[in-house]
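> when you get a sec, could you give me coordinates for this:
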Amino acid sequence: QAETESSHVTKLINFFSIFCKVRHLLAHAHPEIMSEAQFKKAVWLIRNGPKKDSSNDEKLAFYKYYKQATEGDVQGAQPWAIQVESRAKWDAWNEVKGMEKEEAMRQYIELIASSDADWENNEALKGYSE
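A predicted model of the protein is given here:
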């Protein structure tokens, strides 16, 4: 019995080790694959995870990288200054005009990681599926 459990544990450890190596190789061979998967996970966590008190600047940073990653360069004319929220969003998005999709995804991921280095293990992500 103990030998069988030990054998299962060893197999599980070996599997996990191989999984980690494959993930590492994928990340270096095709960083866009990992970035896209991490980006989707990060977006899901921001939308569905625990709410945090964030400054407007933090919210705008997430917004601009999200929009650039999902839609590309800012569209439409700059809103009037009297339209405070719309203008702030447009201006933030315009700051990253020309940024590549992959870079915008990386920046979004870095934003979430800067406030929680272990964000990928957040309890809320147990409800996440691709």
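> low-confidence ranges in the chain?
Filtered on pLDDT under 70, the chain yields the residue ranges 1-3, 5, 8-9, 14-34.
> buried ones in the stretch of helix or strand Ser114 belongs to?
Here Ser114, judged by DSSP states H and E, is contained in helix 101-115. By neighbour count, with 16 or more other C-beta atoms under 10 Å as the criterion, the buried positions of helix 101-115 are Lys101, Ala104, Met105, Arg106, Gln107, Tyr108, Ile109, Leu111, Ile112. C-beta: built from backbone N, CA, C; applies to glycine.
> what about the helices in this structure?
Listed in chain order, the helices of the chain (DSSP state H) span 2-29, 31-48, 56-71, 84-95, 101-115.
> switch those over to TSV; also include distance to Leu125.
Shown next, in TSV, are those (distance: least, C-beta to C-beta, whole Å):
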stretch	distance to Leu125
helix 2-29	16
helix 31-48	6
helix 56-71	17
helix 84-95	26
helix 101-115	11
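> those helices: which one's closest to Gly127?
Closest of these to Gly127 is helix 31-48, at 6.9 Å (criterion: C-beta to C-beta).
> okay, angle between the closest one and helix 101-115 too, please.
Helix 31-48 runs at 50 degrees relative to helix 101-115, counting by axes from the mean of the first three to the mean of the last three C-alpha atoms, to 10 degrees.
> ok, and what's touching stretch 103-120?
35-36, 38-39, 41-43, 45-46, 52, 58, 61-62, 65-66, 68-69, 96, 99, 122 (C-beta atoms under 8 Å, 6 or more residues apart in numbering).
> so how far is it from its chain's centroid?
Relative to its parent chain, stretch 103-120 has a centroid offset of 6 Å by C-alpha atoms, centre = their mean, to the nearest Å.
> again with stretch 41-51
On C-alpha atoms, centre = their mean, the centre of stretch 41-51 falls 9 Å from that of its chain.
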